[in-house]
Every structure is written in structure tokens, then in C-alpha cells.
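Chemist: Can you look at this prediction? I've put the sequence above it.
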Amino acid sequence: MMESLKGKKLLMLEGNILGKLVIDKAHELGIEVIIANWYSVEDAPAKAYADKEYIVNIFDIPAMMKIVEDEHIDGIFTAYTDSHLHIYARLCKEAGLPCFTTEDLCDVMVDKSVFKKYCREAGLPVIDEYDANKLLTDKAYLDAVDYPVIVKPVDSSGARGISICHNADTLSDAIQKGLSFSTSKKVVIEKYLRGEYCLADFMIQDGKAYFCASSDKPANDDDKDNVNLPGAYIFPSKNNKLIEDSLSEAVQRFVDIIGYKNGLMCLELINSDNKIYIIEAQFRLGAKFQDIFMEQELGIDQLEMLLRHALTGKLEGYDLSGDKTFKNNYVLMNILLKAGKIGSIQPYDEVKYFPNVCEYFPMKVVGDEIKPDGSMVQRFGKVSLVAESREKLLDAMRYFQNNLQIIDENGDNMVILSLDNHYC
């Protein structure tokens, strides 16, 4: 029999509005949630739904340990950003609480170059890369580059600091931009492949890797020098079988090599000429709602499993070995905006009743200024939708985009409309 979680206390590091999903699930299970981070409720809206909140520097170990001791914390939880993983591992270690990673394993989870090293060892297909130092110092090496290439910080997320270079003239600036967003001052430079972007979600339970879901990630930005931003994550992927067959065995080898025992792994992929390549990975709960869709379709509650692990050290509660076929189609849309200052927003109550809408999370408010820079700062919010077929899902997506009104100060709609054939 599984241990009851009622009355246990969870310390969360996130204040993002998406944290409300974690809090709601925790409250269903009888868990008390305390959020501690730098921000006030105005900048960390999830705090409004928590049972208690602290404003504190999460990297201040003594201050965080005092909260753990004073509040009798049973577990620590992090999600949605890689930037918290190292301090999360450190806090769990200091407090003697369950943790899905270690400080050493965090290097694999956060550093793209370290991750790729272990991918090669496991036989996972990764894209060849160039040596940044040689590109800046060796003209012959630079002249041999096969453009376009993509330059990205090894340890950043949210598409920050990423550039696409089509010739040598922009490469030096792109490297400097990438370095400015990298904590470790390192970049990865790879051949920029053409193809369809997709993702594969795995859950690791007691060292066994289970393929859980796949999704397509059509890009939603025509900027030729910045990375294409994800307009949506559509479940399941058109290439679900190809993805599962291409990756499953090598993912198990990867998990064995790095010693990953319990947690999540989402692989970001590109399907180029019917061959799957890995771009990068996330090892924590992401913001594309695959856990919600899996619960609705398969009856597997990943979020509950993660909360159980945080509080008991056991990732349990559901059988991950069964059929993962989705009967319905789902999408998590990123609502992307053009440049401008938000003057007015479609009323929330009207938007949430649009056809097929499951969840709607606005993340910006009137007065916020959008300055597109190739990162997710131009995301207004997220919405999830469900339909019985991909065709009907696309119709619902079009309806949502065409009817959402986020008006700038000049009276123009800021919502980017780009649902074209590559979503089909």
C-alpha cells in the first residue's frame, strides 16, 4: 500500500503561474505547499495559491535550511526551468530529502555539451558540432563550415542567446551573444538541420526508461537569424512510431550510463529526411502539459508520481509499461505576440469558453511591452486544447488564434497568426 501524503509539507522553488498546476495537484493529495524564492506575489503569482510563501534568495543555503527546519519540510520540488536544478540538488542533499538528481548528474542535465558526450556514448543520434575556439582563431577551419549553423549557450533555456548563422559574417557576433547568456561561458555550435521538430517524453522508474508520449513542435517565427520559436506542441506526433523505435533502446543505455534512477527526460528532436536527431533535453517537468494529457488519455498521473518521489523517495503509483496510444489529439499552444505594448486583453472568462479549450494561462498583463529577441519573452501565455482528430484540433487552434484579441496601444492585434501547412 502506498504511503499517504496527507499532511506532508512540500517546499517549491517556482512562483511561475504554471506552478498553480503543481499546487492544485498537491492540495488534491492533502499536501501543504510552501513557496520560497526571490519574488513577491506580483512577480510570482503561484504564491497566491500556496499555503505559505517566503521571499528569500534560494541560493542562500543557511536561509533555505532554516525554512526547511522551521516548517518541518518533507520534500523539495522544482520544475519548468533548468536554472534551479543545481541548487535544488544542493538543498535536497543538505536537508537529507529525496532528490531525482545529484549535483554531478545536474551537469549532464544542464550542460548541452556534457549531455551530447553521453548521448554519443549511448548511441543516441546527435548533430555534429564545431569547435567555437577554432572558429574564432583558425581561418581554414572557419572557411570549411557548412552553413547554416546554430549557436547556443550550453547552459541556458527558453531559447535565450540562440542564433542561426547563414555565413561567417554573423558567426562571431552570434558566439558572443551565446556566451553572454551562458553561466559557464561556453557555447555549442552545430549544423542547423532542416526538418520537422518533435519531442519524445520518457519517464525513468527505478532505472528503467519508459517511452510515454511524443509531440510535434511546429515553429512559429520566420526570423532567419533567431531560432524558430515553438508555436505549439501537438500530441501525438505524426511520427510517433519512428520516434519510439529510433530512441528507446539507446535511451535505456543512456540512463544506465549516467545512473539516472527516477524522473523525467524529454528529448527535443528534429526529423530530417526521416532520420531522428537529438537537439537537447530536459530532465524536469516542462511546460508543454504532457503530464496533463497523459493523465487524461492513459490514466497515468506523472505529476502525482513526481510529488510522491519528492516526499517519500519512491516514484510509484502507476504502471508505466502499458500501451501509450492516444485516442484523442491534444495541443499546448504558446501564444506569441508581435512587438508592442499591450493595451487591452480579451476577457479571461470569454477566452476559456472558446471551443475545445482545456486550460488557459495568461502570463502577461496590460502595460507589458513585447520586444521580440528570438526568445520566449514574446510569449503572452499558454492554452491547451483537445479534439478527437488532428484536423478538428487544427480547426480549434485556428478559431482560438483568430478570435483572441490582445490589442496594442495603436489598436492592432498583437497575436501572431501562422497556422499553415506545417501543422498538418
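Modeler: Yep, that arrived.
Chemist: Report the beta-bridge partners for Met265.
Modeler: Phe202 (DSSP bridges).
Chemist: Would you mind measuring from it to Ile258?
Modeler: 10 Å (Cβ to Cβ, to the nearest Å). Any C-beta I mention is one placed from the backbone N, CA and C, and that applies to glycine too.
Chemist: ok, Asp146 to Pro355 distance?
Modeler: 45 Å.
Chemist: again, but for Ala63
Modeler: 48 Å.
Chemist: How far off centre is the helix or strand where Asp104 lies?
Modeler: Taking DSSP states H and E as the criterion, Asp104 maps to helix 103-110. Put simply, helix 103-110 sits 16 Å off its chain's centre (Cα atoms, centre = their mean, to the nearest Å).
Chemist: Do you have the helices of the chain handy? List them.
Modeler: 19-28, 61-70, 85-95, 103-110, 112-122, 132-137, 139-143, 171-180, 240-258, 290-298, 302-312, 348-351, 390-403 (DSSP state H).
Chemist: okay, those helices in a markdown table with mean pLDDT, mean neighbour count and distance to Gly411 next?
Modeler: As requested, the helices of the chain are arranged in a markdown table below (pLDDT from 0 to 100; neighbours: other Cβ atoms under 10 Å; distance: least, Cβ to Cβ, whole Å):
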| stretch | mean pLDDT | mean neighbour count | distance to Gly411 |
| --- | --- | --- | --- |
| helix 19-28 | 96 | 20 | 32 |
| helix 61-70 | 98 | 14 | 47 |
| helix 85-95 | 95 | 20 | 43 |
| helix 103-110 | 88 | 19 | 43 |
| helix 112-122 | 92 | 17 | 42 |
| helix 132-137 | 82 | 14 | 45 |
| helix 139-143 | 86 | 11 | 48 |
| helix 171-180 | 87 | 18 | 34 |
| helix 240-258 | 96 | 18 | 43 |
| helix 290-298 | 95 | 22 | 36 |
| helix 302-312 | 97 | 22 | 41 |
| helix 348-351 | 82 | 12 | 19 |
| helix 390-403 | 91 | 17 | 17 |
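Chemist: now these as TSV including distance to Asn274?
Modeler: Output for those, formatted as TSV (distance: least, Cβ to Cβ, whole Å):
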stretch	distance to Asn274
helix 19-28	35
helix 61-70	48
helix 85-95	34
helix 103-110	29
helix 112-122	20
helix 132-137	30
helix 139-143	31
helix 171-180	29
helix 240-258	7
helix 290-298	24
helix 302-312	29
helix 348-351	38
helix 390-403	19
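Chemist: Which stretch among those approaches Cys212 most closely?
Modeler: Nearest to Cys212 among the helices of the chain is helix 290-298 (6.1 Å), distances taken as Cβ to Cβ.
Chemist: surely Leu13 meets His84?
Modeler: Yes: the pair Leu13 / His84 is scored as a contact, 5.1 Å apart, by Cβ atoms under 8 Å.
Chemist: Find residues that contact each of those two.
Modeler: 58, 78 (Cβ atoms under 8 Å, 6 or more residues apart in numbering).
Chemist: Show the contacting residues for Val251.
Modeler: Contacts of Val251 (Cβ under 8 Å, 6+ apart): 122, 124, 202, 209, 211, 265, 267.
Chemist: Can I get stretch 34-52 as PDB, trimmed to CA atoms?
Modeler: Extracted C-alpha coordinates of stretch 34-52, given in PDB (Å, rounded to 0.1, in the frame of the first residue of the first chain):
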ATOM      1  CA  ILE A  34       5.200  26.500   0.700                       C
ATOM      2  CA  ILE A  35       6.900  28.500  -2.000                       C
ATOM      3  CA  ALA A  36      10.300  30.200  -1.400                       C
ATOM      4  CA  ASN A  37      12.000  32.400  -3.900                       C
ATOM      5  CA  TRP A  38      13.200  35.900  -4.600                       C
ATOM      6  CA  TYR A  39       9.800  37.300  -5.800                       C
ATOM      7  CA  SER A  40       6.700  38.900  -4.400                       C
ATOM      8  CA  VAL A  41       3.300  37.600  -5.300                       C
ATOM      9  CA  GLU A  42       3.100  40.200  -8.100                       C
ATOM     10  CA  ASP A  43       6.000  38.700  -9.900                       C
ATOM     11  CA  ALA A  44       5.400  35.100  -8.700                       C
ATOM     12  CA  PRO A  45       1.700  34.600  -9.000                       C
ATOM     13  CA  ALA A  46       1.700  31.000  -7.900                       C
ATOM     14  CA  LYS A  47       2.400  32.200  -4.400                       C
ATOM     15  CA  ALA A  48      -1.200  33.400  -4.200                       C
ATOM     16  CA  TYR A  49      -2.300  29.700  -4.300                       C
ATOM     17  CA  ALA A  50       0.300  28.400  -1.900                       C
ATOM     18  CA  ASP A  51      -0.400  27.800   1.800                       C
ATOM     19  CA  LYS A  52       2.600  29.900   2.700                       C
END
